[in-house]
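Undergrad: sequence isn't available, so here's the structure alone:
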């Protein structure tokens, strides 16, 4: 026997964890409230002295370049057309994803897309529905869709899942 | 932020890598974080031919500790640094804990280098570890995805493989438009995995030694297409420890100190989609003519943070051409696609030609710039807080000509319950003088580049 404290058979115990975080959307709370009303709001820097004034989607409340507060700008609603900048077909997601998309009526495999939205300088990550993964391509035209009041779902999730896209 | 030229700093005094030590890396380990760190520390201090006699005398030389742990979620232990620090009996000297995602290990080295270069400390102890075996792999992926934007991206898959795959899809489209076939790129991706698993065979510390064929990689389980399971890095448990010191202290401690002559740290937006186009930041061996048609850099295909960190480190170290000047490299192959992307950002190939670095054989042992001879994150380990430290140690050992000491001795294999393979071969790069280590977080939100040189 080797000398010293040696363990080749460590004891492992279970520590269950169920916690609820009350997450604060801060100054971009309005984005998620408007999303529930089928409107996509970006933020724009209107500071004339800003060296790089841009329109941000996902929105940021304050301009990262000049640090001045930005202004809301309506860039989309039901049917607004965007273009797929890139995409990914997800077969093996992280824990909790399947349950999460189930509540918005979706299932695996998921097509995750980055969408170029007209009027925004950045791209937003979202989900593409009603499309065979074999048919998706970069540059494909897609249309914005939002959560709907249905038998399985009476409320918006107030998360990024409230917005998704379908082929145009 | 708009930049014209990165700030290239200067170390106020020279800083040296003195010694390194590691545990083996596994999916699950028998030991706890602090116990693993102690094992790695014993190797660093007692098996590196240091010129100090024993632990007590060594400890007297150290005045500061830096700890790397990426995610408290995994170990469920906050203030891990305190636990490790007191387990090794370092109190009352000070310490800090560094957290920059996948680049945690590299950032811990940055902190140690700053502590020594400033004159604040002469000898600094750096340790990293990640306990990734308390939760399922799926839950692990979810935790790691908490390092993506919680509001806008985490919910879209809870998987970093997906976030990288979004880059991969665009990279492959761009390369196709440049005239490179899908098959060629798939072969390049597969060959990164084949190479790194193969080199892991000669590394007693490595978690996933294997001889895969390119077809096995390309046909392995799809995670997020086109990335397959064998395109992805490992989830590991294990620790890495190194000693960083001033010139005077380094020469008192060892016969083979290695100079850390370049230290670069770069960043980019956390959300890949937020990255606005810029002119390509040119490395010393590049010119504007090469990229005159580039209107969407870095886009989804390149890592500004890597380029920025490389620019700074190369200028500090006087690197004119990385492919010619370095003898070996350890890069952050979180995914095969990010390996190809990084080859370009690091200037091993010009943008658009990353695949050629692996396909030409330059990246292999005996090639122009052997890369990830440790097996990297795909073959050796990704015990996140330890990863960037492991890379610096592997480069350090190579430059100290100690690779065989730590890899070829059957006793080290036996220590980890393994048998040295019958087809073992030495991967000590003959007469290695200069190396580079690259540590990388997010989809390139933080990147560190360290250049090391035999003085």
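TA: Nice, I can see it. The model shown is predicted, which means the values in this text are computed figures rather than measured ones.

Undergrad: where does the stretch 351-455 of chain B get nearest to chain A, residue-wise?
TA: Residue nearest to chain A within the stretch 351-455 of chain B: residue B:417 (9.0 Å; C-beta to the nearest C-beta). Where you see a C-beta, it was placed from the backbone N, CA and C, and this is true even at glycine.

Undergrad: and that residue, helix, strand or coil?
TA: Classification of residue B:417 using DSSP: H, G, I helix; E, B strand; the rest coil returns coil.

Undergrad: who touches stretch A:57-71?
TA: A:26-28, A:31, A:40-47, A:49-54, A:56, A:72, A:75, A:117, A:120, A:122-124, B:1-2, B:149, B:151-152, B:271, B:273-274 (C-beta atoms under 8 Å, 6 or more residues apart in numbering or on different chains).

Undergrad: tell me the strands beside the longest strand along chain A, with direction?
TA: Longest strand in chain A, counting residues (DSSP state E): strand A:81-90. Applying DSSP bridges to the sheet, strand A:81-90 is found paired with strand A:110-116 (antiparallel), strand A:141-146 (antiparallel), strand B:222-225 (antiparallel).

Undergrad: residue B:33: which of these is closest?
TA: strand B:222-225 (27.6 Å; C-beta to C-beta).

Undergrad: give me the low-pLDDT residue ranges for chain A?
TA: A:1-2, A:7, A:151-152 (pLDDT under 70).

Undergrad: in it, what residue is nearest chain B?
TA: residue A:94 (2.9 Å).

Undergrad: list the contacts for that residue?
TA: B:138-139, B:141-145, B:157-159.

Undergrad: repeat for residue B:245
TA: B:15-16, B:18, B:116, B:122-124, B:253, B:257.

Undergrad: mind running it again at 6 Å?
TA: Residues near residue B:245 by C-beta atoms under 6 Å, 6 or more residues apart in numbering or on different chains: B:16, B:18, B:123.

Undergrad: could I get the average pLDDT for the one helix or strand the first one maps to?
TA: When you say that, I think you mean residue B:16. Using DSSP states H and E, residue B:16 falls within strand B:15-22. On average, the pLDDT along strand B:15-22 is 98.

Undergrad: and it, what other elements does it pack with?
TA: Judged by 3 or more C-beta pairs under 6 Å, 6 or more residues apart in numbering or on different chains; DSSP states H and E, the packing partners of strand B:15-22 are helix B:33-46, helix B:104-117, strand B:238-246, helix B:247-253, strand B:258-267, helix B:384-399.

Undergrad: so which of the contacts of residue A:94 are also by chain A?
TA: B:138-139, B:141-142, B:145, B:157-159 (C-beta under 6 Å from any C-beta of the partner chain).

Undergrad: weed out the non-buried ones from the residues you listed.
TA: Buried subset of the ones next to chain A among the contacts of residue A:94 (neighbour count, 16 or more other C-beta atoms under 10 Å in any protein chain shown): B:138-139, B:141-142, B:145, B:157-159.

Undergrad: and which of these is nearest residue B:54?
TA: Nearest to residue B:54 among those, with distances taken as C-beta to C-beta, is residue B:139, at 42.4 Å.

Undergrad: show residues contacting the helix or strand harbouring residue A:101.
TA: Element membership of residue A:101 [criterion: DSSP H and E] is helix A:97-102. Counting contacts by C-beta under 6 Å, 6+ apart, the residues outside helix A:97-102 that touch it are B:157-158.

Undergrad: do a quick rundown of the strands in the chain.
TA: Defaulting to chain A. Using DSSP E, strands in chain A cover A:39-44, A:55-56, A:71-77, A:81-90, A:110-116, A:123-128, A:141-146, A:163-167.

Undergrad: meant chain B actually
TA: Using DSSP E, strands in chain B cover B:15-22, B:64-68, B:94-98, B:123-130, B:222-225, B:227-228, B:238-246, B:258-267, B:328-330, B:434-441, B:446-453.

Undergrad: so which of those strands gets nearest residue A:104?
TA: strand B:222-225 (19.4 Å).

Undergrad: what about the residue nearest to residue B:398 when sequence neighbours are not counted, distance to residue B:452?
TA: Nearest residue to residue B:398 in three dimensions, chain neighbours excluded: residue B:432, at 4.8 Å (C-beta to C-beta, 6 or more residues apart in numbering or on different chains). Distance from residue B:432 to residue B:452, counting by C-beta to C-beta, to the nearest Å: 10 Å.

Undergrad: list residues touching both of the two?
TA: residue B:399.

Undergrad: okay, now the residue nearest to residue B:189 when sequence neighbours are not counted: neighbour count?
TA: For residue B:189, ignoring the flanking residues on the chain, the nearest one in space by C-beta to C-beta, 6+ apart is residue B:336 at 4.0 Å. Per other C-beta atoms under 10 Å in any protein chain shown, the neighbour tally for residue B:336 reads 31.

Undergrad: let me know the pLDDT of residue B:336.
TA: For residue B:336, pLDDT reads 98.
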